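Trainee: The amino acid sequence is not available; the structure is as follows:
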């Protein structure tokens, strides 16, 4: 990933050509309803299982933001099915789209991006990179990893463990998700600098139950000894924590998404921290980009991916127990849902209402 203050001339020229084509053809709407098609924002979400964010956060933020910007919105969820992803895209394209905003699922976004661009429709890859997209809008994923890695380093220090000799297991995300490598590389950058080496590294997944199984097998191979677990997100961390609980172990565990389960584990001391990604900021950045593209403006980008795709990177935040209240106050976690059972006392301790 390279840093860039402005979108490359080639990228701008490519998008300009797309916009001219979209204006002349109205996307896939042809001569009929071209103005209507140009005002439609077509969005495909990946699933509801890998993280609760897609339906609970991204959908309403994108729907509200795009509607406020004057778009007619068509937001659908592929529910973890690449065939359904393709079918949704074909249906959307047949009605016409002014812009497509895609969250990739197991590579399905690339074929859709190719079809959309062939029809003169600009494509925004949202949260996950997609080959052939015109822009990528996400959080600074390498920084997400760095924050996770730092939480492991700090957790080991607090436990009085030497990072050079600590037994640390790495539990990454699904390699089919382009972000997973960025999370991993960012975390490794920080952990390796502290002298940490992975004692075990099972195959990456975005699945809490599979993470639990994979971690249990790794723990068994290590004779039941572990000093910390780098985990790429809260859903996977929850699976890891079930195995730690089962074995009476409490060690530093990382995560991201500031999910309810993740925040509860942070408050209970079972997860060292979670990386909070204020999703409204990401959604707002995508809406702003879509509006500028169709308004004929030249958007700027913070960075670019290795393939040269302009990358608008939003800043993430690390949340420990004392910062959970910030997530609640921002409206990204419901206190009544969060402060259940044994967590209620912790909510009182940290002033969460």
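Mentor: Good, I have the coordinates. Computed from a predicted model, the values in this text were never measured in an experiment.

Trainee: Just the buried residues of stretch 190-205, please?
Mentor: The neighbour-count check on stretch 190-205 (16 or more other CB atoms under 10 Å) flags 190-191, 194, 196, 198-200, 202, 204-205 as buried. In this view, the C-beta of every residue, glycine as well, is placed from N, C-alpha and C.

Trainee: Sort out which of those are in strands and list them.
Mentor: 198-200 (DSSP state E).

Trainee: Now compare the buried residues of stretch 190-205 and name the two farthest from each other.
Mentor: 194 and 205 (25.8 Å; CB to CB).

Trainee: Okay, strands next: where are they in this structure?
Mentor: According to DSSP E, the strands that the chain contains are 2-3, 40-45, 72-77, 99-102, 123-126, 135-139, 168-171, 198-200, 228-231, 274-276, 303-304, 310-314, 317-319.

Trainee: Please point out which parts of the second one sit buried.
Mentor: If you call a residue buried by 16+ other CB under 10 Å, then strand 40-45 has these buried ones: 40-45.

Trainee: okay if I get the residues you listed as JSON lines plus distance to residue 172 and pLDDT?
Mentor: Output for the buried residues of strand 40-45, formatted as JSON lines (distance: CB to CB, whole Å; pLDDT from 0 to 100):
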{"residue": "40", "distance to residue 172": "37", "pLDDT": "91"}
{"residue": "41", "distance to residue 172": "32", "pLDDT": "94"}
{"residue": "42", "distance to residue 172": "31", "pLDDT": "96"}
{"residue": "43", "distance to residue 172": "27", "pLDDT": "97"}
{"residue": "44", "distance to residue 172": "25", "pLDDT": "98"}
{"residue": "45", "distance to residue 172": "22", "pLDDT": "98"}
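
Trainee: Of all pairs in those residues, which one spans the longest distance?
Mentor: 40 and 45 (16.4 Å).

Trainee: List the residues that contact the residue nearest the centre of the chain.
Mentor: Centroid-nearest residue in the chain, with CA atoms, centre = their mean: residue 127, separated by 5.0 Å. Residue 127 makes contacts with 58, 103, 137-139, 179, 282, as judged by CB atoms under 8 Å, 6 or more residues apart in numbering.

Trainee: quick one: it from residue 98, how far?
Mentor: As for residue 127, its distance to residue 98 is 20 Å (criterion: CB to CB, to the nearest Å).

Trainee: Also residue 245?
Mentor: Taken as CB to CB, the span from residue 245 to residue 98 is 49 Å.

Trainee: Those two: who's more crowded?
Mentor: When residue 245 and residue 98 are compared for neighbours, residue 98 comes out ahead with 26 against 11, by other CB atoms under 10 Å.

Trainee: Leaving out the residues flanking it, which one is nearest to that one?
Mentor: Setting aside the residues directly before and after it, residue 98 is nearest to residue 38 in space (CB to CB, 6 or more residues apart in numbering), at 4.1 Å.

Trainee: swap in residue 79?
Mentor: Closest to residue 79 by CB to CB, 6+ apart is residue 47, at 5.7 Å.

Trainee: neighbours of the one you found, just the number please.
Mentor: 19.

Trainee: pLDDT below threshold where in the protein?
Mentor: Applying pLDDT under 70 to the chain picks out residues 1-37.

Trainee: how far away is the closest residue to residue 267 other than its chain neighbours from residue 330?
Mentor: Of all residues beyond its chain neighbours, the one nearest residue 267 is residue 346 (4.0 Å), with distances taken as CB to CB, 6+ apart. According to CB to CB, residue 346 and residue 330 sit 19 Å apart.

Trainee: out of the two, which sits in the more crowded spot?
Mentor: In this comparison of residue 346 against residue 330, neighbours counted by other CB under 10 Å, the higher total goes to residue 346 at 19 against 15.
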